[in-house]
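>>> Mind looking at a prediction? Sequence and model below.
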Protein chains: 2
Amino acid sequence: MSVEKLQITLSEFKKAKPDVDHLEFGTQFTDHMFVMDYSSETGWHDARIVPYQPITLDPACMVFHYGQTVFEGLKAYLTADGEVLLFRPEKNMARLNQSNERLCIPPVNEEFVIYALKRLIQIDREWIPAKEEMSLYIRPFVISTEPYLGVAPSKHFKLIIIMSPVGSYYKSGVNPVKILVENDYVRAVAGGTGTAKTGGNYAASLKAQEVAAAKGYSQVLWLDGIEKNYIEEVGSMNIFFIIDGEAVTPALNGSILEGVTRNSVIQLLKHWDIPVSERRISIKEIFELHEEGKVTEAFGTGTAAVISPVGELNWKDKTIVLNGGKTGEISQKLYTTITGIQKGSLPDVLEWTQKADEGLLVK
Amino acid sequence: MSVEKLQITLSEFKKAKPDVDHLEFGTQFTDHMFVMDYSSETGWHDARIVPYQPITLDPACMVFHYGQTVFEGLKAYLTADGEVLLFRPEKNMARLNQSNERLCIPPVNEEFVIYALKRLIQIDREWIPAKEEMSLYIRPFVISTEPYLGVAPSKHFKLIIIMSPVGSYYKSGVNPVKILVENDYVRAVAGGTGTAKTGGNYAASLKAQEVAAAKGYSQVLWLDGIEKNYIEEVGSMNIFFIIDGEAVTPALNGSILEGVTRNSVIQLLKHWDIPVSERRISIKEIFELHEEGKVTEAFGTGTAAVISPVGELNWKDKTIVLNGGKTGEISQKLYTTITGIQKGSLPDVLEWTQKADEGLLVK
């Protein structure tokens, strides 16, 4: 699909912008959205930027019944110089297509969708909050829209991109959270959909999260679904431990989502000459190594929070406190460096960012 | 919620009824639908029967992102006497609430929803095809409708019931199907959502189904996600084997859906003094027992097909043929008896059916 095929209809009025000092995650949306349709006869077609508006669907549409959906999450940042930066959008688009493959959704043209996204950002540029640690959260998603109750891949889809201005994930600086190790519920298993960013994984996680919250924990730590022994993810983030000066994170095993922030953290640690090991880690091992004083930090990684330090881990009624419940040195340095690169205030040593108007025909 | 709270708006025109000789499953819908809203402030409210119509939702609604959905499937049948029968609707409503519990969706008033369903059937009664083996397929479903991108249970939901006239699942009588035993993909695992009727389970199954179809198989047989050894389900049905005169079906183990037809088959077999064992069965055991000539029949059970005989099973390139690839005696008898009870042409020995106008205020 060529870029000339992108139709643009501008909104006749502009919504009031939210107060940047009271931004809530994912509740307010910009003036426009991107939409593209798929049918098995014509492929992806009718790419368009239109005013942000409701979607009207037949109640028999498959998305309401069989969960054939995928999504992505990334951010655009406004630099002090007034440039708009995107952080590794090509990684998100590649993963969108990996998720599509698992969910029997036809692949999209990654370059074209990035082009369309850049145009969308250009049009709604004034929605990007300028303040420190603030950004525009971008949510591309695909839904199955064929009105048919048979269990089969849909013949019709919609790809939609909506955008929401978001504040800092941390209201008062980076703060370590308390995590409950989950022993009953399972997020994913090899052969399932754990490596895909699809609704069902998140639906499956809600119950455990609810139980953990009732016990005073912020998130759950997911163990493998087979032996309930090996560490997988934390909440909807990847997880890292600093053990004896080495960064250890669970290897991608067929049930763990390959996070873009996970990949960035690994690259950055290696750039700093901190050894990184991607391997199986059991929860037992972590508790034992902690007793020996070897586990000095733990943190989650994800687009929303970037780095989320773990202050406390509870497993079967035993609790360990990490780094005295305070943010560790490496966690803090990763957070400062990645958010600095994203905001353009630190050198982009690993060439992750791209200007959001790069490659646009209309400037 | 009292029955007086059900608002009814009749459609101003009636759609043309489909040709009953060319009914396709789940593509045509009746003139009306039932809708009920939930908000965390007011609970379930605004129960209404309205003309069948599209749903309009904000693109940020959670159903499009995090798969927080559940559904049910049941049927209404027209008897030769012109009565409308429902088959064990209380089982479907109880399971809807079990699914709701797993997916953090607030429970519905089961009796009220059955009442509303009966009113809906009464209004669209002429859509029920009269012919042998035909029925009205009923699809209740719940979707999460809060426009919020945070991963958390939605504060808003919609319960909707739509109905579709369906023909016989078998175009030319009950025919055994070829089944591929799935070794790579996994449907569900204990601690996951396998016991709930939620979209994510069906989304996860599409890929394996696609692979099987390309190899010439109708369905996949799912093994457990842990050892890839124990039999779980077939396609989206439960499975039974007749072994040495005994009916054997996988025990409900936390990852298998508790089918209403499964339960009915167990009750009916016991009523006929055929022993039934709910236990773990490995695929290896089935292949070994088949070699000894002890596996005489196998069949899937579900609302859509009722009984679906298995003619052939392929596991790691070894194939076994069951009952010479023909429908077995017990499979046929179960099919004839259950569909006969459903259609009111055979005595309802286990008191499964209820009249669809039973308990209605308006007759």
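Arrived safely.
>>> My understanding was that residue A:105 contacts residue A:68; is that so?
Yes: Residue A:105 lies in contact with residue A:68 (CB atoms under 8 Å); the separation is 6.7 Å. All C-beta atoms are positioned from the backbone trio N, CA, C, and that covers glycine.
>>> Count the neighbours of the residue nearest to residue A:326 when sequence neighbours are not counted for me.
Computed as CB to CB, 6 or more residues apart in numbering or on different chains, the closest residue to residue A:326 that is not its neighbour in sequence is residue A:176, at 6.5 Å. Residue A:176 has 23 neighbouring residues, counting by other CB atoms under 10 Å in any protein chain shown.
>>> Verify the stated contact: residue A:176 with residue A:305.
No: applying CB under 8 Å, one finds residue A:176 not in contact with residue A:305, separated by 11.7 Å.
>>> Quick one: distance of stretch A:7-17 to the chain centre.
27 Å (CA atoms, centre = their mean, to the nearest Å).
>>> Buried ones in that stretch, by neighbour count?
Judged by neighbour count (16 or more other CB atoms under 10 Å in any protein chain shown), stretch A:7-17 contains these buried residues: residue A:11.
>>> in chain A, what spans have low per-residue confidence?
For chain A, applying pLDDT under 70 flags the ranges A:1, A:3, A:171-173, A:363.
>>> Relative to chain B, which residue of it is the closest?
Proximity of chain A to chain B (CB to the nearest CB) peaks at residue A:200, 2.0 Å away.
>>> other SSEs contacting the host helix or strand of that residue?
Using DSSP states H and E, residue A:200 sits in helix A:199-214. Here helix A:199-214 touches strand A:219-223, helix B:199-214, going by 3 or more CB pairs under 8 Å, 6 or more residues apart in numbering or on different chains; DSSP states H and E.
>>> got the buried residues for the last one?
Which is helix B:199-214. B:199, B:200, B:201, B:202, B:203, B:204, B:205, B:206, B:207, B:208, B:209, B:212.
>>> so who does the fifth one touch?
The neighbours of residue B:203, taking CB atoms under 8 Å, 6 or more residues apart in numbering or on different chains as the test, are A:66, A:67, A:68, A:69, A:103, A:193, A:198, A:199, A:200, B:67.
>>> When you filter those down to buried only, what's left?
A:66, A:67, A:68, A:69, A:103, A:193, A:198, A:199, A:200, B:67.
>>> What separation do you get for the third one and residue B:42?
This means residue A:68. According to CB to CB, to the nearest Å, residue A:68 and residue B:42 sit 31 Å apart.
>>> and residue A:122, what are its phi and psi?
Main-chain dihedrals, residue A:122, degrees, to the nearest 10: phi -60, psi -40.
>>> let me redo that: residue A:140
According to degrees, to the nearest 10, residue A:140 has phi -80, psi 140.
>>> Surely it touches residue A:158?
No: between residue A:140 and residue A:158 no contact is recorded; they are 11.1 Å apart, counting by CB under 8 Å.
>>> and those two? which has more neighbours close in?
Taking other CB under 10 Å, residue A:140 and residue A:158 do not tie; residue A:140 has more neighbours (25 against 20).
>>> Double-check residue A:209 against residue A:218; I have them as touching.
No: using CB under 8 Å, residue A:209 is not in contact with residue A:218, being 9.3 Å away.
>>> so who does the residue located most distally from the centre of chain A touch?
The C-alpha centroid of chain A is most remote from residue A:292, which lies 33.9 Å away (CA atoms, centre = their mean). Shown in contact with residue A:292 (CB under 8 Å, 6+ apart): no residues.
>>> gap between it and residue A:317?
Applying CB to CB to residue A:292 and residue A:317 gives a distance of 21 Å.
>>> Could you do residue A:358 as well?
53 Å.
>>> Between those two, which is the more surrounded one?
residue A:358 (11 against 5).
>>> quick one: which helix or strand includes the more buried one?
Using DSSP H and E, residue A:358 falls outside every helix and strand.
>>> for residue A:288, same thing?
Per DSSP H and E: helix A:283-291 holds residue A:288.
>>> contacting residues around the one helix or strand residue A:179 maps to?
Applying DSSP H and E as the criterion places residue A:179 in strand A:177-181. Counting by CB under 8 Å, 6+ apart, strand A:177-181 makes contact with A:211-212, A:215-221, A:223, A:234, A:283, A:308-316, all of which sit outside it.
>>> if we go to 10 Å?
A:208-209, A:211-213, A:215-223, A:228, A:231, A:234-235, A:239, A:283, A:286-287, A:298-300, A:305, A:308-316, A:318-319, A:321-322, A:325 (CB atoms under 10 Å, 6 or more residues apart in numbering or on different chains).
>>> Mind giving me the ChimeraX command for buried ones among these?
Filtering the contacts of strand A:177-181 down to the buried ones (16+ other CB under 10 Å) takes a single ChimeraX command:
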select /A:208,209,212,217,218,219,220,221,222,223,228,231,234,235,239,283,286,287,298,299,300,305,308,309,310,311,312,313,314,315,322
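>>> Could you list which residues are in contact with the closest residue to residue A:20 other than its chain neighbours?
Closest residue in space to residue A:20, ignoring its immediate chain neighbours: residue A:129 at 4.6 Å, by CB to CB, 6+ apart. Going by CB under 10 Å, 6+ apart, residue A:129 touches A:17-18, A:20-21, A:23, A:77-78, A:135-136, A:165-168.
>>> mind listing the strands for the stretch 201-350 of chain A?
A:219-223, A:231-234, A:238-243, A:246-250, A:276-279, A:295-302, A:306-315, A:318-321 (DSSP state E, counting those that start in this stretch).
>>> Output those strands in JSON lines; the columns should cover distance to residue B:46.
Shown next, in JSON lines, are the strands of the stretch 201-350 of chain A (distance: least, CB to CB, whole Å):
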{"stretch": "strand A:219-223", "distance to residue B:46": "35"}
{"stretch": "strand A:231-234", "distance to residue B:46": "38"}
{"stretch": "strand A:238-243", "distance to residue B:46": "42"}
{"stretch": "strand A:246-250", "distance to residue B:46": "46"}
{"stretch": "strand A:276-279", "distance to residue B:46": "51"}
{"stretch": "strand A:295-302", "distance to residue B:46": "37"}
{"stretch": "strand A:306-315", "distance to residue B:46": "39"}
{"stretch": "strand A:318-321", "distance to residue B:46": "46"}
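>>> Tell me how many other residues crowd residue A:31.
Residue A:31: 18 neighbours (other CB under 10 Å).
>>> Report the separation between it and residue B:360.
As judged by CB to CB, residue A:31 and residue B:360 stand 49 Å apart.
>>> With residue A:169 instead?
Residue A:169 is 53 Å from residue B:360, by CB to CB.
>>> which residues are in contact with both of residue A:105 and residue A:68?
In contact with both residue A:105 and residue A:68: A:142, A:143, A:144, A:153, A:154, A:157, A:198, B:203, B:206, using CB under 10 Å, 6+ apart.
>>> Sort out which one of those residues lies nearest residue B:260 for me.
Nearest to residue B:260 among the shared contacts of residue A:105 and residue A:68: residue B:203, at 22.2 Å, using CB to CB.
>>> can you tell me which residues contact residue A:43?
A:1, A:37, A:106, A:108, A:109.
>>> wait, doesn't residue A:239 sit right on residue A:230?
No: if you go by CB atoms under 10 Å, residue A:239 and residue A:230 don't touch, sitting 11.6 Å apart.
>>> what's the overlap in contacts for the two?
A:222, A:250, A:281.
>>> Can you get me a residue count around the last one?
Spelled out, that is residue A:281. There are 22 residues near residue A:281, going by other CB under 10 Å.
>>> Skipping adjacent residues, who's closest to it in space?
residue A:231 (5.0 Å).
>>> got it, and residue A:301?
residue A:261 (4.1 Å).
>>> and the one you found, how many neighbours?
By other CB under 10 Å, neighbour count at residue A:261 equals 22.
>>> Please report the distance of it from residue B:74.
Taken as CB to CB, the span from residue A:261 to residue B:74 is 45 Å.
>>> got the contact list for the nearest residue to residue A:229 once chain neighbours are set aside?
Excluding the flanking residues, the one nearest residue A:229 by CB to CB, 6+ apart is residue A:282, at 4.9 Å. By CB under 10 Å, 6+ apart, the residues touching residue A:282 are A:223, A:224, A:227, A:228, A:229, A:230, A:231, A:288.
>>> Thanks a lot, see you next time.
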